[in-house]
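Asks: heads up, no residue letters with this:
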């Protein structure tokens, strides 16, 4: 329900009379009758305490969100009093809904990725009495706080029968979960206990363990882990490509490539190894990202596409003597990688509506992950980019067919060579009459001559220059028709343009120390957008062939 970002259309306070009606509707929707249930309702939505707000989403959505002291506690899915408590609301009263406990905390990784809960991920023997369509909370063993809220798709009897048979089937359809966009936007990043980590949930007592111990627990070889493995194999990932955030560990974030970099392996100088860097691919990629944010990515570089961030920054900043292979990370796509770090508050991103690429728009340099990172010394072997080897000779970087961030940029500029008529001007100021000058440099030559010849001394005003014989011939000889008189003065604002008209335009194409000159102005490259085949848009580039 909250896989994509959303916006609030309108909000307003809920009156005391409306609050009473909402409490009665919630009690009826959740079938609360006993005194204990009434106490749970008081914890979820107090009769008087706190400010209750109502927030509506733009049409055509009919979803209504109820916030108590700015924290979302209830959802009205259809706008017709079909109330569903949020996980933030259930954290105040975990026993408000029947609880379905997964076999192993490792299953939480899939739940927090938006996957529906399947039968193999649950110990059916510990299931409470459920009815089809009943709202339930999903919990992790050893942690009482729910990680998700969903609706049961079968009753307890059918679940037991299904588990004893094929053992497959969807048990709970997720409606809202910890880590989704509702939690990110309105939940203010709050968690009920220390066991709620980035991308997975552990028993509260394991929250203080080291990241290595936590990862070892998730990958344990005991009976519980074997059961969890069965559960994960049977889990329906039912993932939408939009808005999906893949699993990540707390101590290391995953990274990968985008666009043409997908699946590319980055070669490092294997002759140089460093025991100071971890072997885990996720940790190596995280180190490379943090190093890039510290040493490579500048504010002037932003916004930066995900593929450019990978090819121009992350690869350059990888730990010396290491091999980066994006296929061995847990995210598999740059989009998921950047969204995970956006969720962690390290960076700011937005998604391009047309290409789907995630654009890096800002770097938050305040989080602990950033401030505690100490940049490491980089070796020259860290320079190659995706798909290239560190043994590539430097001369190959200048090849015109190689797509590398270290390639010296191609510079195309218009230059001017002095013609026969203006050679005396260049010689008078000591400039090379055989050289090539940019438009600005050539204009400076003309004004330098005017200053040297004191042409402004006898001018009628400060905006005009008097013309002597040398400058007059340089500007007008051979241009005037028979019978026309030579001008005696020229406006300072017109001198540069008149002088450039007497020079020979040429095009200089250079890359590093290599340069090529061609007569004439630079060929024009036209870029335009066209609509073809209904709603398909293409970009048309004409004239670039002259530079190939």
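Replies: Looks like it came in fine. Here the structure is a predicted model, which means the values were calculated and not measured.
Asks: where in the chain is pLDDT low?
Replies: Residue ranges of the chain with pLDDT under 70: 33-38, 219-279, 321, 323-327, 331, 379-407, 533-534, 545-548.
Asks: Can you name the next helix or strand after the longest strand along it?
Replies: Among the segments of the chain that qualify as a strand by DSSP state E, the longest is strand 143-152. Heading C-terminal from strand 143-152, the first helix or strand you meet, by DSSP states H and E, is helix 156-164.
Asks: Provide the contact partners of that next one at residue level.
Replies: 119, 124, 127-130, 132, 154, 168-169, 171 (Cβ atoms under 8 Å, 6 or more residues apart in numbering). C-beta coordinates here come from the backbone N, C-alpha and C atoms, glycine included.
Asks: Just the buried ones out of the residues you listed, please.
Replies: When the contacts of helix 156-164 are checked for burial by 16 or more other Cβ atoms under 10 Å, the buried set is 119, 124, 127, 130, 154, 169, 171.
Asks: gap between the residue nearest to the third one when sequence neighbours are not counted and residue 162?
Replies: Distances taken as Cβ to Cβ, 6 or more residues apart in numbering put residue 156 closest to residue 127, at 5.3 Å, once the chain neighbours are dropped. In this structure, residue 156 lies at 11 Å from residue 162, with Cβ to Cβ, to the nearest Å as the measure.
Asks: likewise residue 472?
Replies: 100 Å.
Asks: cool, residue 178 as well?
Replies: The value you get for residue 178 to residue 162, if Cβ to Cβ is used, is 27 Å.
Asks: ok, those two, which is more surrounded?
Replies: residue 178 (25 against 17; other Cβ atoms under 10 Å).
Asks: Can you give me every residue that contacts the more buried one?
Replies: By Cβ under 8 Å, 6+ apart, residue 178 lies in contact with 87, 112, 147-148, 191, 196, 201.
Asks: so which of the residues you listed comes closest to residue 138?
Replies: residue 148 (4.3 Å; Cβ to Cβ).
Asks: I'd say that closest one and residue 177 touch.
Replies: Yes - between residue 148 and residue 177 there is a contact at 3.7 Å, judged by Cβ atoms under 8 Å.
Asks: Any chance you could list residues touching both of these two?
Replies: Common neighbours of residue 148 and residue 177 (criterion: Cβ under 8 Å, 6+ apart): 87, 111-112, 138.
Asks: Start and end of stretch 344-352, how far apart?
Replies: Separation of the first and last residues of stretch 344-352 by Cα to Cα, to the nearest Å is 20 Å.
Asks: got it, and stretch 429-436?
Replies: 15 Å.
Asks: what comes up buried for it?
Replies: Buried-residue list, stretch 429-436, by 16+ other Cβ under 10 Å: 429, 431, 436.
Asks: Kindly report the same for stretch 60-70.
Replies: 64-68.
Asks: Quick one: the buried residues of stretch 429-436 as a markdown table, columns for distance to residue 297 and secondary structure too.
Replies: Converted to a markdown table, the buried residues of stretch 429-436 look like this (distance: Cβ to Cβ, whole Å; DSSP: H, G, I helix; E, B strand; the rest coil):
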| residue | distance to residue 297 | secondary structure |
| --- | --- | --- |
| 429 | 45 | helix |
| 431 | 42 | coil |
| 436 | 37 | coil |
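Asks: so, if you compare the residues you listed, which one comes nearest to residue 378?
Replies: Among the buried residues of stretch 429-436, and counting by Cβ to Cβ, the member closest to residue 378 is residue 436, at 38.5 Å.
Asks: re earlier: parallel or antiparallel, list what pairs with the longest strand of the chain.
Replies: Here strand 143-152 is paired, per DSSP bridges, with strand 135-140 (antiparallel), strand 170-177 (antiparallel).
Asks: More neighbours: which of residue 148 and residue 177?
Replies: Neighbour count, other Cβ under 10 Å: between residue 148 and residue 177, residue 148 has more, with 28 against 25.
Asks: Which strand residues bridge the more buried one?
Replies: residue 138, residue 177.
Asks: Distance check, it against residue 113.
Replies: Here the distance between residue 148 and residue 113 works out to 11 Å (Cβ to Cβ).
Asks: Pretty sure residue 57 is one of the things residue 185 touches, is it not?
Replies: No - in this structure residue 185 lies outside contact range of residue 57 using Cβ under 8 Å: 11.5 Å.
Asks: Give the residues shared as contacts by these two.
Replies: residue 6.
Asks: For residue 71, list each beta-bridge partner.
Replies: Under the criterion used here (DSSP bridges), residue 71 is bridged to residue 68.
Asks: Would you check that it makes contact with residue 192?
Replies: No - proximity of residue 71 to residue 192 does not meet the contact threshold set by Cβ under 8 Å, at 11.9 Å.
Asks: among the contacts of helix 156-164, which are in strands?
Replies: Judged by DSSP E, the subset of these located in strands is residue 171.
Asks: want to throw the contacts of helix 156-164 into CSV with distance to residue 464?
Replies: Formatted as CSV, the contacts of helix 156-164 follow (distance: Cβ to Cβ, whole Å):
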residue, distance to residue 464
119, 92
124, 97
127, 96
128, 96
129, 99
130, 94
132, 93
154, 93
168, 92
169, 92
171, 89
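Asks: Helices of the stretch 301-450 of the chain, start to end?
Replies: 306-309, 334-343, 368-371, 423-429, 439-452 (DSSP state H, counting those that start in this stretch).
Asks: Relative to residue 515, which of those is closest?
Replies: It's helix 439-452; of these, that one is closest to residue 515 (Cβ to Cβ) at 16.0 Å.
Asks: Output the contacting helices and strands for that closest one.
Replies: Using 3 or more Cβ pairs under 8 Å, 6 or more residues apart in numbering; DSSP states H and E, the elements in contact with helix 439-452 are strand 411-417, helix 423-429, helix 469-476, helix 492-501.
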